[in-house]
Structure formats: C-alpha cells, structure tokens
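Peer 1: Got a predicted structure here, sequence first:
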Amino acid sequence: MPLPTPSLQTSRLRLRAFEDTDANDLFALHSNAHVLRYWDSPPWSEPARAEKFIATCRQMAQEGTGARVVVERVSDGAFIGWCTLARWNPDYRSASLGYCYSDTAWGHGYATEAAHALLRWAFDTLDLNRVQAETDTRNVASARVLEKLGFLREGTLREDCTVDGDVSDSWVYGLLRREWRP
C-alpha cells in the first residue's frame, strides 16, 4: 500500500518529497567525505548515485515502507539535507529514523527540528509505537540530536560496521509512543 510522502513545515524548515532537481544538491551532500565520516559507505563519486537515491525514495513511498524528505530552509530555500522514516512495519507499529545534513547546517538545531516534525507526522499518521535509530558511537552530535528528541540509548552494537576501513560500534536508540513529547 503506498505511503504518500508528507509535506511539512516548521518555523524555519520545509520538508518535502524529493524532486529530480534535487540531484545536484544531494550529490554534493553525499560526496562530502567530512559529512560521511561516520557512515558505513564511502562518499559518492558518481553523480548517477543521486538519481538512484531519489528513485529509491519514490520506491519507498510506492511500496509503503517509509518516507524520506528533503529538508530545506524556509528563509532561502536552500537544500540542507534529508530526514527519513524507513522500515515502517504497520504490524509492529515501528519504523527507523535517519538523517543526513550538510556540514554548513550543523549546530543550528535543524536536525532536531526536522526530525521532530517528521516524528510528529509519523506518530499521528502511522500510529507508531516505536521508532529506532542508530548512530556511530563516535558521532556525539547525532547522539545529542536523538537524546533531545527523547530517544533513550538502549545498547551498543559491537563492531557493527566498517567505516573508512575501521571497524566501528553503533549505539541503538529507541523512542516509544508513551515517551514522545510532541
């Protein structure tokens, strides 16, 4: 069953479906080694990867498995990153939260603001009971975002992935409906 990608707005941000015209901004984001230093996949070197990513976003919506949205500033329309609720499972009423932002957008509260808007939509529209997120244990800023949103660190996945040739641990976070503070 399809899951329409939401269009949401906060005081500073607009969250919307990906468009083909986002490919260049998306490629710039995912080809930045500094931005992806904690990711378990290398920076993109081929612009076609952005087109495949956008196609995957549309496929998620058509299959009803999640929603991935562009995050742009209202003030100037600048593409600053994306946020997603993936692996939506209506039977278990669960999903996974993820996000990626340009390093120029870091430290302004955008990740927290956008994720809050997407979580509000998800808890209200998808009737979620649980949202899970994971972050590299070295990514303290991402852990802070999750904790500001009310997520609790539930454990550590030891040597969970390889990041730039180094084996790395991940923290697992969870947020339950009864803990959500809209």
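Peer 2: The structure has been received and is ready for your questions.

Peer 1: helices and strands of this structure: which one bottoms out on pLDDT?
Peer 2: Lowest by mean pLDDT, DSSP states H and E among the helices and strands of the chain is strand 152-163, with a mean of 93.

Peer 1: Against which helices or strands is that strand packed?
Peer 2: strand 130-136, strand 166-176 (3 or more C-beta pairs under 8 Å, 6 or more residues apart in numbering; DSSP states H and E). C-beta here means a position set from N, CA and C on the backbone, and glycine is covered the same way.

Peer 1: What are the boundaries of the helices in this protein?
Peer 2: Using DSSP state H, the helices found in the chain span residues 23-30, 48-63, 110-125, 140-148.

Peer 1: Among these, single out whichever gets nearest to Ala17.
Peer 2: With C-beta to C-beta, the closest approach to Ala17 among the helices of the chain belongs to helix 48-63: 7.4 Å.

Peer 1: chain center to the closest one, what's the gap?
Peer 2: 14 Å (C-alpha atoms, centre = their mean, to the nearest Å).

Peer 1: let's have the chain start at 32 instead
Peer 2: Sure, I'll start numbering at 32, so the last one becomes helix 79-94.

Peer 1: so which of the helices of the chain gets nearest Arg208?
Peer 2: Among these, helix 141-156 sits nearest to Arg208 (C-beta to C-beta), with 6.1 Å.

Peer 1: coming back round to it: which of the helices and strands packed on strand 183-194 is buried the deepest?
Peer 2: With neighbours taken as mean count of other C-beta atoms under 10 Å, those reach their highest mean count in strand 161-167, at a mean of 20.

Peer 1: pLDDT of that strand, averaged?
Peer 2: The pLDDT scores in strand 161-167 average 97.

Peer 1: Just name whatever secondary elements that strand is in contact with.
Peer 2: strand 125-132, helix 171-179, strand 183-194, strand 197-207.

Peer 1: Low-confidence regions, the chain specifically.
Peer 2: Applying pLDDT under 70 to the chain picks out no residues at all.

Peer 1: now with 90?
Peer 2: 32-35, 71-72, 95, 121, 156-157, 192-197, 212-213 (pLDDT under 90).
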